[in-house]
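> Next come a sequence and a model predicted from it.
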Amino acid sequence: MSEDRKIIAINRRARHDYAVDDTYECGIELLGTEIKSFRDGKISFPDAWAEVLAGEVWLRSLKIAENPFSSLFNHDPDRKKRLLLHKAEIKRISRKVTEKGYTLIPLSFYFKQGRVKVELGLCKGKKSYDKRADIRDRDVKRDMAREFRRGLH
């Protein structure tokens, strides 16, 4: 990621549970109190997902904590949020999602030029043997790096 991005949160579990085929950078439509909670990093999205409804992409199960300093004008923490994409991207995504097994998962949230952005992944679920193979590959790479460092000393 480039230096003009300030990362808020990364969904590491998504890369473990899903094979990411394509990624999209989306804007997100938020209320003022939600922005304040994002700036404080008070979000939770372990099982968040997105869906295409009537030509719009909506993010579900993203929990944004209420801001304690705006008691009267606070937002609903469980409301669905609209993602901002170009129409051509939405068409491409909706064609892929209608195929069997594809789902939209938020991979990360970050600030880019003062605006909250979402990295949305077009994902397909992994089988348990795929997950084990990924873990095995990661362990082998770690061992090789360790041996390489030992050889340098």
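Right, received. Where do you want to start?

> any weak-confidence spans in the protein?
1-3, 70-72, 74-77, 153 (pLDDT under 70).

> Show me the longest helix that occurs in it.
Using DSSP state H to assign secondary structure, the helix with the most residues in the chain is helix 128-152.

> what residues does that helix touch?
H16, D17, A19, K126 (CB atoms under 8 Å, 6 or more residues apart in numbering). No exception for glycine: its C-beta is placed from N, CA and C like everyone else's.

> Now for those residues: which two are most distant?
Using CB to CB, the contacts of helix 128-152 span at most 10.2 Å, a distance reached by H16 and A19.

> Comparing those two, which shows the higher neighbour count?
A19 (15 against 12; other CB atoms under 10 Å).

> Render the CA-only coordinates of whichever strand or helix holds that one in CSV, please.
Using DSSP states H and E, A19 sits within strand 18-28. The C-alpha coordinates for strand 18-28 follow below in CSV (Å, rounded to 0.1, in the frame of the first residue of the first chain):
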residue,chain,number,x,y,z
TYR,A,18,-11.4,-17.3,1.1
ALA,A,19,-9.5,-17.3,-2.1
VAL,A,20,-9.5,-13.7,-3.3
ASP,A,21,-10.0,-13.5,-7.1
ASP,A,22,-10.4,-9.8,-7.6
THR,A,23,-10.3,-6.6,-5.4
TYR,A,24,-12.1,-3.3,-5.7
GLU,A,25,-11.5,0.0,-4.0
CYS,A,26,-14.9,1.4,-2.8
GLY,A,27,-16.0,4.5,-1.1
ILE,A,28,-18.4,4.1,1.8
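
> Great, nothing more from me.
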